[in-house]
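In: From the sequence below, what's the structure:
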Amino acid sequence: MKKFRQLKRDRRIKLNLVKGFSKGLEDFPKTAPADFDELTYLEYNPDVRVAVMRGAVSSGYRHWIEHGYDEGRLYAPDSRLAQDSFPPTWNELRYLRENPDVATAIRLGTYSSGHDHWVKHGEQEARIGTGRAFPKTANLKVALRKCPPGFNYFCFHSAPIGLGWAARGNIGLLKAFGPKVTTIDIAWGSPSPPDGDTGAVLAPENRYAVNFFHFNPDILPTFLHSYGAKCFRDRYNIGVWVWDLNAAYPSWHRYTRMFNEIWVPSQFVADVLRVVSAAPIVIVPHVVDNLPAGARSPRATFGLPENAFIFLYVFDAASSIERKNPLALISAFRQAFREEQDVFLVLKYHHADKDRPAVELLERVASTRKNIKTISQTFSEEDLASLFQVSDCFVSPHRSEGFGLNIAMAMYYEKPVIVTGYSGNMDFTNHENSFLIDYDLVSLPYDVGYYRAGYGWAQPSVDHLANLLQAVRNSPEEARRKAASGAATIRQRFSQKALLERFGKRISALKMESPGSAV
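Out: The predicted structure is shown next:
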């Protein structure tokens, strides 16, 4: 193997000699080719710049000799780009520097140049680095002059996920104010127009003055690729975002410039996003109201014993098993109750296919105890409401939540809740109405889905969680007291009536019509 590597090394040296660019790896020329500029090379190739700055390679020119030439890396502007037909603001170097994924795609042969990418996709995706301004958002006065009053609400409306559920609540509020609302349903997992024709669906549906884009910024590039940035033009644009880590990604700053304002459901998310946002942040909580009343299905429907005390955790596997942290709950439950058959733990989740290895681990661990039951199924709202109501206590050992809809739902049904004392749920959980789990704030040691290593979330204490499980089981009066307080919190502060007042203030500030007015 060593001899093979030496032969390959010698072949590369000879190739460079033939090309006239080097006298060999150990004695490469002191002067570069006439058109080679190290700074330009490093700007075209930011990964090489990092390697040079860290001392992994001695110079950009040496990298080009050893690797860059064979890889086809650019070290000077491509003469093919000097065309009169290009936009006057175009700068190939700036575009590739601001969009390193495009530079990588060029090396792989996907595109011939940055401009080739911009023509095919970049303009529609509102890519930065072109010298052009972002799609201009209109102020409300201009938007109302060009479009009729009302709302265009983009979201995963029909998807069985938290964003879809929250969006349906918001639309119920908006419809109470008179301006018309049209919903544009994005296909979850592939946010592209349903007819496959980019932008074609927007002509009849994107007609009102105010846009709501209810999805997280990580979806925005794919959305722009599918729908185009033109749906932002001449509209007053509001983003509805939620985030779970202790900090937002700096790259999101450029996306915030596409919005007039951004709505978030909790103080936690507001504090995180304000650091990177160029748009004002407005806290508008989720609606938790008018949930199905009365358990329509008995315990037997779910395979649960009638006389056991039941702890319940409901979560979506597509939202990251690591973040939802059910393994910590299993550990604490086994520590607190061992093999006792008069107490049960129910783990109900859906979208298991989105995190299959983690779900398989969860199911293997859960199967070690007869008093732990897993339910991997998507329920109707009525069946889910029944499961909440036939349970005795809701537990959420999450590492972080942007809001915590399932926690709020359990409190709405007057169930005691045991939850991590961190993140978005702290807008409505406290020591008076909840059992809060102690935690440490830790850094992610590795990437977890779209959560990046180095960012922070909570590490709930398993020992403290085990103690709280026993406390709720053994102190029913305290549990009932906190449950009653929690129900009052949710029904008073997060009801449709309470949030209509909140929306009314915001819409009044936007100079839209008041509730009940006609359009």
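
In: Residue ranges in the stretch 1-150 of the chain under the pLDDT threshold?
Out: Along the stretch 1-150 of the chain, segments meeting pLDDT under 70 span 1-32, 76-89, 123-137.

In: now the strands: where do they sit in it?
Out: Counting by DSSP state E, counting those that start in this stretch, the stretch 1-150 of the chain has these strands, from start to end: 150-155.

In: before we move on, what about the chain?
Out: Counting by DSSP state E, the chain has strands at residues 150-155, 180-185, 210-213, 236-240, 261-264, 281-283, 309-316, 343-350, 372-376, 393-396, 417-420, 435-437, 439-443, 456-460.

In: Need the winner for burial among those.
Out: Mean neighbour count (mean count of other C-beta atoms under 10 Å) peaks for strand 417-420 among the strands of the chain, with a mean of 28. For every residue, glycine as well, the C-beta is placed using N, CA and C.

In: and that one, how far from the chain's centre?
Out: Distance, stretch centre to chain centre, for strand 417-420: 23 Å (C-alpha atoms, centre = their mean, to the nearest Å).

In: Partner strands of it, with direction?
Out: Strand pairing for strand 417-420, determined by DSSP bridges: strand 393-396 (parallel), strand 435-437 (parallel).

In: For the longest one, what does the pLDDT average out to?
Out: Averaged across strand 393-396, pLDDT comes to 98.

In: How far away from the center of its chain is it?
Out: 24 Å.

In: can you pull the alpha-carbon coordinates of that strand into PDB?
Out: Extracted C-alpha coordinates of strand 393-396, given in PDB (Å, rounded to 0.1, in the frame of the first residue of the first chain):
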ATOM      1  CA  CYS A 393     -50.300  12.100  34.600                       C
ATOM      2  CA  PHE A 394     -48.500  13.500  31.600                       C
ATOM      3  CA  VAL A 395     -44.700  13.400  31.600                       C
ATOM      4  CA  SER A 396     -42.300  15.300  29.200                       C
END
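
In: rewinding a little: with distance to N170 as new columns, can the strands paired with strand 417-420 be given to me in TSV?
Out: Output for the strands paired with strand 417-420, formatted as TSV (distance: least, C-beta to C-beta, whole Å):
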stretch	distance to N170
strand 393-396	23
strand 435-437	28
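
In: So N260 sits against N139, correct?
Out: Yes: counting by C-beta atoms under 8 Å, N260 touches N139, with 7.4 Å between them.

In: and A247, what is it in contact with?
Out: 272, 275, 455-456 (C-beta atoms under 8 Å, 6 or more residues apart in numbering).

In: Most widely separated two among the residues you listed?
Out: V275 and G456 (13.5 Å; C-beta to C-beta).

In: sorry, back to before: which stretch in the strands of the chain is the model least sure about?
Out: Out of the strands of the chain, strand 180-185 stands lowest, with a mean of 86 (criterion: mean pLDDT).

In: Where do the domain boundaries of the chain fall?
Out: Split into domains by automatic domain parsing, the chain comes to 2-76, 140-283, 299-494.

In: Ok, which of the strands paired with strand 417-420 comes nearest Q496?
Out: strand 393-396 (22.1 Å).

In: what are the phi and psi values for the most centrally placed residue in the chain?
Out: Centroid-nearest residue in the chain, with C-alpha atoms, centre = their mean: N216, separated by 4.7 Å. Main-chain dihedrals, N216, degrees, to the nearest 10: phi -80, psi 160.

In: where do the helices sit along the stretch 251-400 of the chain?
Out: 253-256, 267-274, 321-324, 326-337, 356-366, 381-390 (DSSP state H, counting those that start in this stretch).

In: got a pLDDT number for the nearest residue to G169 once chain neighbours are set aside?
Out: Leaving out its chain neighbours, the residue that sits closest to G169 by C-beta to C-beta, 6 or more residues apart in numbering is V287, at 3.4 Å. V287 carries a pLDDT value of 92.

In: Now do the same contact list for V287.
Out: Contacts of V287 (C-beta under 8 Å, 6+ apart): 166, 169-170, 172-173, 494-496, 499.

In: quick one: which of the residues you listed is nearest to P416?
Out: Out of the contacts of V287, the member with the shortest distance to P416 (by C-beta to C-beta) is F494, at 17.9 Å.

In: What is the burial count for that closest one?
Out: When neighbours are defined as other C-beta atoms under 10 Å, F494 has 23 of them.

In: Got phi/psi on it?
Out: Main-chain dihedrals, F494, degrees, to the nearest 10: phi -120, psi 10.

In: what's the distance between the nearest residue to it once chain neighbours are set aside and R323?
Out: In this structure, F494 finds its nearest non-sequential neighbour in V288, 4.3 Å apart by C-beta to C-beta, 6+ apart. As defined by C-beta to C-beta, to the nearest Å, V288 lies at a distance of 21 Å from R323.

In: same question, S112
Out: 41 Å.

In: more neighbours, those two?
Out: More neighbours surround R323 than the other of S112 and R323, with 19 against 12 (other C-beta under 10 Å).

In: who's in contact with the nearest residue to the more buried one once chain neighbours are set aside?
Out: Nearest residue to R323, sequence neighbours excluded (C-beta to C-beta, 6+ apart): R399, at 5.1 Å. Listed by C-beta under 8 Å, 6+ apart, the contact set of R399 reads 244, 322-325, 420, 457-460.
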